[in-house]
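> fold the following.
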Amino acid sequence: MSRMLLDYQKRIFYLGSIFSSLLYFLTNVNVLSIPWIACACPFLISLMIVPGITYVMISKDCPKIDSFSFGLLLFCSINISMFTSLFIILLSLHLDNTISASWYSIFISLWYAFLIYFIMCIFLTPGLFAVQMKREALLIISWGLLALVTSILIALCAENHWENDWVVFLPFAIIGIGSIFIYVQMLFNDWSRLGREGLFYTFIMIGVIIGGFGEKAWIFVWVGIYLVGDWALSEFEAHAKYKELE
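Numbers count the residues shown, from 1 in each chain. Modelled structure (predicted):
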């Protein structure tokens with residue numbers, strides 16, 4: 001029952017994120033004329049489901065977890081979801097010219113979400129190292145740091161009106177190339193790793209190229225395509241697990 005509930009929660013998350021990406025794109029290319037906050041609504045609904053997904057995943061995969069650890073992970077999930085939602089709302093209202101505030105003040109809620117994320121990483125990393133998942137632990141931390149640095153660059157770029165705004169994509173390009181190189185080396189040893197991780201790296205690199213050429217509107221299309229692909233692979237993995245249980 002918990003596995004089925006988790007699958008339904010994930011589907012709602014994917015649907016909301018994909019629908020928001022589509023609305024953002026259509027608004028950006030002037031096909032639709034709706035407020036940015038309206039475009040964000042499906043994604044905000046998706047974010048509300050994240051704590052529920054976390055709760056079900058912990059209950060299903062970590063039945064012996066102690067109450068403190070369970071509470072801490074749930075606290076982190078709720079805070080990350082809540083403050084990321086606040087950031088999306090403030091950003092959308094700012095783009096709609098409904099509020100007037102500095103870009104730094106808008107990004108504060110997102111940076112707080114990153115702080116909570118790193119607290120969770122500090123808690124999870126020793127356990128991942130203990131079960132020989134050192135690479136996964138390093139990826140969780142490094143991509144979190146990368147996203148934080150990129151968010152700071154975006155705030156600086158927007159606040160100071162940088163002419164060369166492609167600079168904000170440099171961290172993703174540098175780390176992405178390094179990660180892909182390591183990933184390809186791993187594939188030569190184990191082709192079973194080909195899947196969602198490879199799709200993620202492909203998404204990052206093509207997204208950097210699209211953003212670097214200034215085609216910001218098409219990033220939303222690429223995000224939607226990635227989410228559809230990741231959803232399909234997620235469904236395939238879920239179906240394979242159901243077959244194993246049978």
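
> Ser85: neighbouring residues, count only.
Neighbours of Ser85 under the rule other CB atoms under 10 Å: 20. (Each C-beta comes from the backbone N, C-alpha and C, glycine too.)

> which elements pack onto whatever helix or strand it lives in?
Using DSSP states H and E, Ser85 sits in helix 67-95. Counting contacts by 3 or more CB pairs under 8 Å, 6 or more residues apart in numbering; DSSP states H and E, helix 67-95 packs against helix 36-61, helix 103-130.

> just the buried residues of the shortest one, please?
Pointing back at helix 36-61 there. Across helix 36-61, burial judged by 16 or more other CB atoms under 10 Å covers 36-37, 39-47, 49-58.

> how about low-confidence regions in this protein?
1-3, 5, 61, 63, 131-132, 190-194, 212, 214-215, 241-246 (pLDDT under 70).

> distance from the chain centre to the helix holding Ser85, please.
13 Å (CA atoms, centre = their mean, to the nearest Å).

> relative to Gly71, which of the helices and strands packed on helix 67-95 is closest?
helix 36-61 (10.2 Å; CB to CB).

> compute the inter-axis angle for that closest one and helix 67-95.
170 degrees (axes from the mean of the first three to the mean of the last three CA atoms, to 10 degrees).

> just checking, what packs against helix 36-61?
Short answer (3+ CB pairs under 8 Å, 6+ apart): helix 36-61 packs on helix 2-28, helix 67-95.

> closest to Gly144 out of those helices?
It's helix 67-95; of the helices and strands packed on helix 36-61, that one is closest to Gly144 (CB to CB) at 10.8 Å.

> quick one, which of the helices and strands packed on helix 67-95 is nearest to Leu146?
Set against Leu146 and scored by CB to CB, the helices and strands packed on helix 67-95 come closest in helix 103-130, at 10.9 Å.

> how far away from the center of its chain is that closest one?
That offset, for helix 103-130, works out to 13 Å (CA atoms, centre = their mean).

> going by neighbour count, list what's buried in it.
Buried-residue list, helix 103-130, by 16+ other CB under 10 Å: 106-110, 112-114, 116-117, 120-121, 124-125, 128.

> with stretch 164-172 instead?
Neighbour-count burial for stretch 164-172 [16+ other CB under 10 Å]: 165, 168-169, 171-172.

> and it, end to end?
Distance between the two ends of stretch 164-172: 16 Å, counting by CA to CA, to the nearest Å.

> for Val208, give its distance to Tyr24.
18 Å (CB to CB, to the nearest Å).

> which residues touch the nearest residue to Leu72 once chain neighbours are set aside?
Leaving aside its chain neighbours, Leu72 sits nearest to Phe123 (6.2 Å; criterion: CB to CB, 6 or more residues apart in numbering). Applying CB atoms under 8 Å, 6 or more residues apart in numbering, we find Phe123 in contact with 69, 72-73.

> so how far is stretch 221-233 off the chain centroid?
Computed by CA atoms, centre = their mean, the separation of stretch 221-233 from the middle of its chain amounts to 12 Å.

> who's in contact with Ile119?
Ile119 is in contact with Cys76, counting by CB under 8 Å, 6+ apart.

> so which strand or helix has Ile141?
Secondary structure from DSSP H and E places Ile141 in helix 134-160.

> by contact count, what packs against the following helix or strand past that helix?
The helix or strand immediately downstream of helix 134-160 is helix 170-189, counting by DSSP H and E. Under the contact criterion of 3+ CB pairs under 8 Å, 6+ apart, helix 170-189 touches helix 134-160, helix 196-212.
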